[in-house]
Structures are given as structure tokens and as C-alpha cells.
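Participant: Sharing a sequence plus its predicted fold:
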Amino acid sequence: MSVAGRKKRIKTKVIGLALRDGHLLAFEVTDDKERLRGVRPLGGSIEYGETREEALRREFREELDTTIEITGEWTVFESLYEKQGEIRHEFLFAAPIRLLDRDIPLDGEATYLEGDGSLCRARWFALEALARGEPKLFPDALLPFLLERP
């Protein structure tokens, strides 16, 4: 089916906000030529019949082979963006988390395979650098939220 013929739908996703010493754990978002477009916290789609908590725990097991603790309240972000010339629309449930059985050093990284077989790289990004747009943080509404937190 062509892009023009595809039914438009709003996606519902979860992301985990792992923060440590002024850094956010996020994965690199690249374009089709492997150029860095920005970064986004780890997470993914909520599957039918799955709660947001179950989805977030599953995503971290799949991506980093770790369990997590949800350490605070959920926040919802609405995101409208363009990808490959098409407007996308999603709601993201975000929760502060802590990795329980995996330690990624602040100067380290973790690689994992996405469901589509693509290789992803996650690492810690300084909030100061993200505030300067180095690199850009997705979704757009997330940065002001993180900078307002104590």
C-alpha cells in the first residue's frame, strides 16, 4: 500500500526517563542515510491489551535486557512531527525510571537490535547539551519538562 493510501492513525507509546547526574539515557535517531537527527528516550509502542507499565517494562527487557523500577508519576506528551514527508501523530506516556540490573556508565553506551533489525545505540546525554540542541531531543515538549524538574 502506498503512503498516500495508508490509513492515518494515532500511535500510543511509552518512554522511560532514566536520569542520572544531569544526564538522560536516550537512543540515537538517524535518518535513512544514518545521519544523526536527534535522540529520544527508550521505549516503544503499547501493544493491544497491555498496560503502559507492562509495555515500558517489556521495552526495557527487549532493548537493554534489564528490569526497571518506575520511580514517579506518569506524564503524557502529544507529538506531531514529519517523517519521510508524512505527518505522524502520537501520544507518549513518560515515566521516570531506574535501571535495576544493568549499569551503563555515563561515558559508556549500549547497543541493541530494534524489532525491524536495525542497530540502535543508547547512551547518556547531558541535559545542558540537550538544552543547546546538541543533539535535538524528541519529542519537542520533553526538554522543557525535564529542565523544569528539580
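Facilitator: Now that the structure is in, tell me what you want to look at. Numbering: from 1, shown residues only.
Participant: Now for the nearest residue to residue 26 once chain neighbours are set aside, which secondary structure element holds it?
Facilitator: Distances taken as C-beta to C-beta, 6 or more residues apart in numbering place residue 39 nearest to residue 26, at 4.0 Å, with adjacent residues excluded. (C-beta placed from N, C-alpha, C; glycine too.) Of the helices and strands defined by DSSP states H and E, residue 39 is found in strand 36-41.
Participant: What are the buried residues along that strand?
Facilitator: Of all the residues in strand 36-41, those buried under the rule 16 or more other C-beta atoms under 10 Å are 38-41.
Participant: Can I get it in CSV, CA atoms only?
Facilitator: Provided in CSV are the C-alpha atoms of strand 36-41 (Å, rounded to 0.1, in the frame of the first residue of the first chain):
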residue,chain,number,x,y,z
LEU,A,36,22.0,11.7,13.4
ARG,A,37,18.7,13.6,13.6
GLY,A,38,18.4,13.7,17.3
VAL,A,39,17.8,11.5,20.4
ARG,A,40,14.8,10.0,22.2
PRO,A,41,14.3,8.2,25.5
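Participant: May I have the strands that pair with the next helix or strand after that strand, each with its orientation?
Facilitator: Past strand 36-41, further along toward the C-terminus, the next helix or strand under DSSP H and E is strand 43-45. For strand 43-45, the pairing partners within the sheet under DSSP bridges are strand 11-20 (antiparallel).
Participant: Could you list the low-confidence segments of the protein?
Facilitator: Per-residue confidence of the chain (counting by pLDDT under 70) places the weak regions at 1-6.
Participant: Identify the residues contacting the spatially most central residue of it.
Facilitator: In the chain, the C-alpha nearest the mean C-alpha coordinate belongs to residue 41, at 2.7 Å (C-alpha atoms, centre = their mean). Residues counted as contacts of residue 41 (C-beta atoms under 8 Å, 6 or more residues apart in numbering) are 15-18, 24-27, 94, 142.
Participant: All set now, cheers.
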